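In: Give me a model of this one.
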Amino acid sequence: MRVSTQFPIAVHALMMVAYFPDTRITSELAAKSAGCNSVIIRNIFLKLKKAGLLSVRPGRSKMELAKPVGEISLWDIYAAVETDETDEIFKFHPHTSCTCPVGSNIRSLLHSHFDDAIAAMREELSKVTLEDLTKELKSYSKK
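Out: Below is the predicted model:
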């Protein structure tokens with residue numbers, strides 16, 4: 001399963017907002033930390049705002065989490081920037097044979113197994129919150 005860089009970058013950016021609550025996190029600052037272009041960060045910020053995870057007020061005010069850090073899971077972040085649609089995550093070749101028993105049935109044969117894989121990923125990512133990650137990061141910083 002392939003996940004784009006948007007997911008880890010979104011986690012990175014939200015972690016900055018959570019970890020530095022008194023700092024104004026700009027797209028330029030987050031981009032520098034994440035090692036990407038600020039346009040990518042701005043697009044991710046828009047998705048996070050649309051998903052209700054980030055609160056951005058117009059003007060020069062600082063960005064804030066829209067929910068408490070213990071209520072934002074990795075799955076929430078994933079769902080904000082990626083798709084959870086089976087047919088989008090697992091791509092099938094569009095020209096399978098209709099006369100071959102494998103080619104004509106492979107999509108329906110695998111679909112429920114792929115749905116189960118996505119459900120397992122949702123379950124695992126839902127167990128980890130930004131609060132958990134912030135605590136883990138603080139323990140890394142002490143080393």
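In: Which helix runs longest in this structure?
Out: Using DSSP state H, we find that the single longest helix of the chain is helix 106-126.
In: quick one: that one to chain centroid distance?
Out: 17 Å (C-alpha atoms, centre = their mean, to the nearest Å).
In: for this protein, what spans make up the helices?
Out: Secondary structure of the chain, counting by DSSP H: helices at 6-19, 27-34, 38-50, 74-81, 86-89, 106-126, 130-141.
In: Those: lowest mean pLDDT?
Out: Lowest mean pLDDT within the helices of the chain: helix 86-89, a mean of 73.
In: Name the residues of that one that come out as buried.
Out: For helix 86-89, a neighbour-count test (16 or more other C-beta atoms under 10 Å) marks 86, 89 as buried. For every residue, glycine as well, the C-beta is placed using N, CA and C.
In: What about the chain, which residue is the most distant from its middle?
Out: The outermost residue of the chain, judged against the average C-alpha position, is residue 99 (39.7 Å), by C-alpha atoms, centre = their mean.
In: May I have the phi/psi pair for that residue?
Out: phi -90, psi -20 (degrees, to the nearest 10).
In: And the one 3 residues further on, by the same measure?
Out: With angles defined as degrees, to the nearest 10, residue 102 shows backbone torsions of phi -70, psi -50.
In: Could you give the number of residues near it?
Out: 9 (other C-beta atoms under 10 Å).
In: What separation is there between it and residue 89?
Out: 21 Å (C-beta to C-beta, to the nearest Å).
In: cool, residue 114 as well?
Out: From residue 114 across to residue 89, the span is 7 Å (C-beta to C-beta).
In: for residue 67, same thing?
Out: For residue 67, the distance to residue 89 equals 26 Å [C-beta to C-beta].
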